[in-house]
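Enquirer: Generate coordinates for the sequence data below:
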Amino acid sequence: MNLKFVLGSTLLVAGLFAATPAVHAEDLVLGQTTVRAVKTPDRGLTMSQVEKRFGAPDAKLPPAGGDTPLHPTINRWKYDGFTVYFERNIVLHSVRDGA
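Expert: Numbers count the residues shown, from 1 in each chain. Below is the predicted model of the structure:
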C-alpha cells in the first residue's frame with residue numbers, strides 16, 4: 001500500500017470522528033412509550049456516598065451471600081425508580097425498575 005494513501009485515510013477517518021457531535025439523550029422514545037432518564041449512583045461509590053447524594057432508600061432489602069470469602073455480602077437498596085446493588089458497601093450496579 002501507498003504510505004500517502006494510508007496516512008490520508010487515517011486522517012479522513014479521524015476527521016470524521018472529530019466532526020461528529022457528542023450525543024446525550026434525556027428521553028428515549030420507543031413506539032408510543034417515552035422512557036425518562038433516571039439518574040442512578042455510579043459504580044464504586046460507597047453506601048454513605050449514595051445516601052448523601054440520593055437520600056435514604058425507600059427500602060433496604062435483606063442481604064444475600066456472605067457465606068464465604070468467594071461469596072461476599074450483596075446488599076440491595078430500593079429507591080423510587082431504581083435499585084442499587086452493593087458488594088459489601090461498594091456500588092456494583094444500579095438498575096432502573098422495569099429494565
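
Enquirer: looking at the protein, which helix or strand is least sure?
Expert: Using mean pLDDT, DSSP states H and E, the weakest-scoring helix or strand in the chain turns out to be helix 3-19, at a mean of 51.

Enquirer: all strands of the protein, in order?
Expert: In the chain, the segments counted as strands under DSSP state E are 27-30, 33-36, 59-64, 74-79, 82-87, 90-96.

Enquirer: Which among those is found nearest to residue 45?
Expert: Distances from residue 45 to each of the strands of the chain were compared using C-beta to C-beta; the minimum, 4.7 Å, belongs to strand 90-96. Where you see a C-beta, it was placed from the backbone N, CA and C, and this is true even at glycine.

Enquirer: Next, the angle from the closest one to strand 74-79.
Expert: Between strand 90-96 and strand 74-79, the angle comes out at 40 degrees (axes from the mean of the first three to the mean of the last three C-alpha atoms, to 10 degrees).

Enquirer: Can you spell out which helices and strands pack onto strand 90-96?
Expert: strand 82-87 (3 or more C-beta pairs under 8 Å, 6 or more residues apart in numbering; DSSP states H and E).

Enquirer: repeat that with 10 Å
Expert: Packing contacts for strand 90-96, counted by 3 or more C-beta pairs under 10 Å, 6 or more residues apart in numbering; DSSP states H and E, involve helix 47-54, strand 74-79, strand 82-87.

Enquirer: Going by neighbour count, list what's buried in that strand.
Expert: For strand 90-96, the neighbour count (16 or more other C-beta atoms under 10 Å) marks 91, 94 as buried.

Enquirer: any residues touching that strand, and which ones?
Expert: With C-beta atoms under 10 Å, 6 or more residues apart in numbering as the test, strand 90-96 has contacts from 35-47, 49-50, 54, 72, 74-77, 79, 81-87.

Enquirer: if we can go back for a sec, including mean neighbour count, distance to residue 95 and mean pLDDT, could the helices and strands packed on strand 90-96 go into a markdown table?
Expert: Below are the helices and strands packed on strand 90-96 laid out as a markdown table (neighbours: other C-beta atoms under 10 Å; distance: least, C-beta to C-beta, whole Å; pLDDT from 0 to 100):
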| stretch | mean neighbour count | distance to residue 95 | mean pLDDT |
| --- | --- | --- | --- |
| helix 47-54 | 15 | 14 | 97 |
| strand 74-79 | 18 | 10 | 97 |
| strand 82-87 | 18 | 5 | 97 |
